[in-house]
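1. My questions concern the predicted model and sequence given below.
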Amino acid sequence: MKNIIFTLFFALNYAFAQLTADEILKKVDEVSYAPKDQFFKAKVTLIDKNGKESHRVALMYQKGTNKRFVKFTDPADIRGIGFLSLPGDVNYVYLPAFKKSRRIASHIKNQNFAGTDFTYEDMEALTYTEKWKPEILRKEERYYVLKLTPREGRESDYSKLVMYVRTDNFYPEKIEYYDKGGNLFKIMTRKRIEKVGNYWIAFETEMKDVKKNHTTLLVLEDVKLDTNLSDDIFSLRNLER
């Protein structure tokens, strides 16, 4: 019996060891975008270098792999600020003060969204496989560690990402972002990763700008999956509503 267990354990580890970087990243996408659609209500906390906090509430919608909609609902001074990402690298931001949506040009994707530590590039609805070329840096006990560089024809404000992928479920638990000079810029860490039905969900996501010593923390307060979200949600009309 012990020999059988050892043989199975060895076979599983051998199989994992044979996975290519492309296969691992594809599994990351499969896990990250497993639900047909997703809705989250999130408490957003901004923490500055002095530890001072400000709080917001945002609604987030995702459909498939290429439609994303985000809108702040509280507090009053930022209510209505929204972001929309559509297929074909089409992204919009809406600022209520101007009462008009603005398409986000590629040269301003490095700007932060509404004072958070997430840039427009971070928020665009695009799979990792579509944008990044992976390379295995090493395999640790709990993680596959991948280096991701922009694919040919894909623009990015980052020179590379270093992604820590859990070996048990292929969830991307941590991502390090490096600037054009190769310096560590930001670190995103996902916590409280729990299974909801058949899907893995991170109930806490922290994005830390190590240069500014500023952090954005997202805590999910409501999660709804596979509810057949209407395409009308992902529209300019809804963004400007």
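-> Structure received.
2. Can you report how many residues neighbour Phe39?
-> Neighbour count for Phe39, taken as other CB atoms under 10 Å: 19. Heads up, the C-betas are built off the backbone N, CA and C, glycines and all.
3. typo on my end, it should be Thr127
-> 17.
4. Low-confidence bits of the protein, can you list those?
-> When residues are selected by pLDDT under 70, those of the chain lie in 1-17.
5. let's see it at 90
-> Scanning the chain for pLDDT under 90 picks out the ranges 1-18, 98-100, 106.
6. now the strands for it?
-> Assigned by DSSP state E, the strands in the chain fall at 37-47, 53-63, 67-74, 82-86, 90-95, 100-103, 132-139, 143-150, 160-166, 172-178, 184-196, 199-209, 214-225.
7. In CSV: the ones you listed, plus distance to Asn110.
-> CSV is the format used below for these (distance: least, CB to CB, whole Å):
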stretch, distance to Asn110
strand 37-47, 19
strand 53-63, 21
strand 67-74, 18
strand 82-86, 15
strand 90-95, 13
strand 100-103, 16
strand 132-139, 17
strand 143-150, 13
strand 160-166, 14
strand 172-178, 11
strand 184-196, 10
strand 199-209, 12
strand 214-225, 15
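8. Deepest in the core, which of those is it.
-> For those, the largest average neighbour count (mean count of other CB atoms under 10 Å) is found in strand 82-86, namely a mean of 22.
9. so what does it touch, helix or strand wise?
-> Packing partners of strand 82-86 (3 or more CB pairs under 8 Å, 6 or more residues apart in numbering; DSSP states H and E): strand 67-74, strand 90-95, helix 120-123, helix 236-239.
10. What lies in contact with that strand?
-> 66-72, 91-94, 101, 113, 120, 123-126, 234-236, 239 (CB atoms under 8 Å, 6 or more residues apart in numbering).
11. okay, the angle between it and strand 67-74?
-> On the basis of axes from the mean of the first three to the mean of the last three CA atoms, to 10 degrees, strand 82-86 is oriented at 180 degrees to strand 67-74.
12. Tell me the neighbouring strands of strand 82-86, and mark each as parallel or antiparallel.
-> Sheet pairing for strand 82-86, assigned by DSSP bridges, gives strand 67-74 (antiparallel), strand 90-95 (antiparallel).
13. isn't Glu155 right next to Ser106, touching?
-> Yes: using CB atoms under 8 Å, Glu155 is in contact with Ser106, at 5.6 Å.
14. List the contacts of the residue lying closest to Lys27 once chain neighbours are set aside.
-> Leaving aside its chain neighbours, Lys27 sits nearest to Phe170 (4.1 Å; criterion: CB to CB, 6 or more residues apart in numbering). Listed by CB under 8 Å, 6+ apart, the contact partners of Phe170 are 24, 27-28, 30-31.
15. Also Val28?
-> 128, 163, 165, 170-172.
16. Among the contacts of Phe170, which one lies nearest to Thr189?
-> Minimum distance to Thr189 across those is 15.6 Å, recorded for Val28 (CB to CB).
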